[in-house]
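Undergrad: Let's see this in three dimensions:
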Amino acid sequence: MTPAAVQQVSWPELAAVVGQEHLRPATAADAVDGVAPRMIAEPGTAEDLARCLRWARDAGLKVTPRGGGTKLGWGNPPAACDLLLSTARLDRVGEHAWADMTVIAEAGCRVADLQQALAEHGQHLALDPLWPERATLGGILSTNDSGTLRLRYGSLRDLVIGITVALPDGTLARSGGRVVKNVAGYDLAKLFTGALGTLGVIVQAIFRLHPLPRETRSLTFSGTPAALEQLLLSILASRLVPTGLQLRAAPGGAQLDVRFAGTAAGILAQVDQVDQLRRQAAPAASSGAPADAPDDVWTSHQAIWDGPGPAPRRLVAKLSVPPSRIAAVCGLIEREAAARSLAWRMVMQGVGAGYVRLEGDGGDEPALRAALLALREELAGGGGTKSGGGGKPGGGTIVALGCPLAVKRGLDVWGPVADAQPLMWRIKQRFDPDGTLSPGRFLGGI
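TA: All right, here's what the predicted structure looks like:
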């Protein structure tokens, strides 16, 4: 907005929608990647949120949705942000059809609160995203943040079966239904999951649920990244059904964590099988029997962060590579970090997605940026290499998530624009032709 246009905004009209007590001036703490909004609005219903969006569009304002605020630093800095639209008051858990194993919940409901309510009926939403005590359902859907349980239960796109979204023109669009096999209508849930709030604002979702496991047990193997990768691939190719599989690596060594869930007898049988695989496929992966691992080993993807938001000395990026190239990527990260005197550590899930952390001393933004660009170039090339740590780890992507603003300036944190960019722009034009929502934050400046 131009300064002249800003002066013409009638904020009392917005206050009449949400209530004066739920509209306040923004502070420095409300900035989105260095871009400060003017006002914060907290509507109490989906209908009021839709009215807010239409008012903002008609006023020519740019809007950024906010849930728990844990991932506002993800994506590119917005081109503009006049109004921060909070879902904090949309925090209700609706119908829990425990017999059908589905639940309806509003977008502002915190993940931990929903899990606590479901646990009373022996069920859970089978995902473990970052910072569940603060993260909201709308936020994890917008960022497609699943966690380690994805290996067994699928990603968020597999768990959400219905969605309600508020569009910039003030309409509420619904897709899907309350039963798992419902396929009516266009699948908005998959389209809006991971869209970073650039198409509409998620106000409610319907999820499929799973029973809480009776018991769980986790094992840790130690060894070289190459040997552990071989064991990981053997587990994936076997009939074992782990609920977690991750490879952790740092300059001091590497570990492979495996988690099983179910009955005591079933878990014991799988533990025996995985140890047999270790002896057959990667005898160098451990000097002896695997060690039992504490439950908090599965928060390693969270521990790689200092917490939500940017930090002045570190870069956290999301990696996606074929599982057969995890060891090669580990070697690449080690080389690039050493070349720039950066500390590093990474955690990769069995599906081939994970996080890498690069860290330096104060003022190391140029080194972090150079490392990111070098890793991106290496990951974009190659292909067809054998596993075991040799060759190039091509066929992957790296997306900068948490990093200083100086690292982001002048580059797209998502990486090179894909062939699908024209289609993505047409979708943006269809849902948000005026560019009201989160302009510039998504791939290619969408």
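Undergrad: Quick check, central residue of the chain?
TA: Geometric centre of the chain, nearest residue: residue 145, 2.6 Å, by Cα atoms, centre = their mean.
Undergrad: The nearest residue to it once chain neighbours are set aside: neighbour count?
TA: Spatial nearest neighbour of residue 145, excluding adjacent residues (Cβ to Cβ, 6 or more residues apart in numbering): residue 129 at 4.2 Å. All C-beta spots, glycine's among them, are computed from the backbone N, C-alpha and C. Other residues near residue 129 come to 25 when the count uses other Cβ atoms under 10 Å.
Undergrad: Please list all residues in contact with residue 129.
TA: 111, 135, 140, 145, 146, 147 (Cβ atoms under 8 Å, 6 or more residues apart in numbering).
Undergrad: pretty sure residue 439 is touching residue 78, no?
TA: Yes. Taking Cβ atoms under 8 Å as the definition, residue 439 is a contact partner of residue 78 at 6.0 Å.
Undergrad: hey, where'd the helices end up in the stretch 51-200 of the chain?
TA: Listed in chain order, the helices of the stretch 51-200 of the chain (DSSP state H, counting those that start in this stretch) span 111-119, 137-143, 150-153, 156-159, 188-192.
Undergrad: Out of those helices, the one nearest residue 88 is which?
TA: helix 137-143 (10.5 Å; Cβ to Cβ).
Undergrad: packing partners for the closest one?
TA: Packing partners of helix 137-143 (3 or more Cβ pairs under 8 Å, 6 or more residues apart in numbering; DSSP states H and E): helix 111-119, strand 201-208.
Undergrad: Buried deepest among the helices of the stretch 51-200 of the chain, which one?
TA: helix 137-143 (a mean of 27; mean count of other Cβ atoms under 10 Å).
Undergrad: got the CA coordinates for that helix in CSV?
TA: What follows is helix 137-143, C-alpha atoms only, in CSV (Å, rounded to 0.1, in the frame of the first residue of the first chain):
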residue,chain,number,x,y,z
LEU,A,137,-3.7,-27.2,13.0
GLY,A,138,-4.1,-24.5,10.4
GLY,A,139,-0.4,-23.7,10.7
ILE,A,140,0.8,-27.2,10.3
LEU,A,141,-1.5,-27.7,7.3
SER,A,142,-0.3,-24.5,5.7
THR,A,143,3.3,-25.6,6.1
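Undergrad: show me what contacts residue 254?
TA: Contacts of residue 254 by Cβ under 8 Å, 6+ apart are 222, 223, 224, 225, 228, 247, 248, 330.
Undergrad: Reformat those residues as TSV; add neighbour count, secondary structure and pLDDT.
TA: Shown next, in TSV, are the contacts of residue 254 (neighbours: other Cβ atoms under 10 Å; DSSP: H, G, I helix; E, B strand; the rest coil; pLDDT from 0 to 100):
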residue	neighbour count	secondary structure	pLDDT
222	17	strand	92
223	21	strand	91
224	18	coil	92
225	26	helix	94
228	28	helix	94
247	24	strand	97
248	23	strand	97
330	25	helix	96
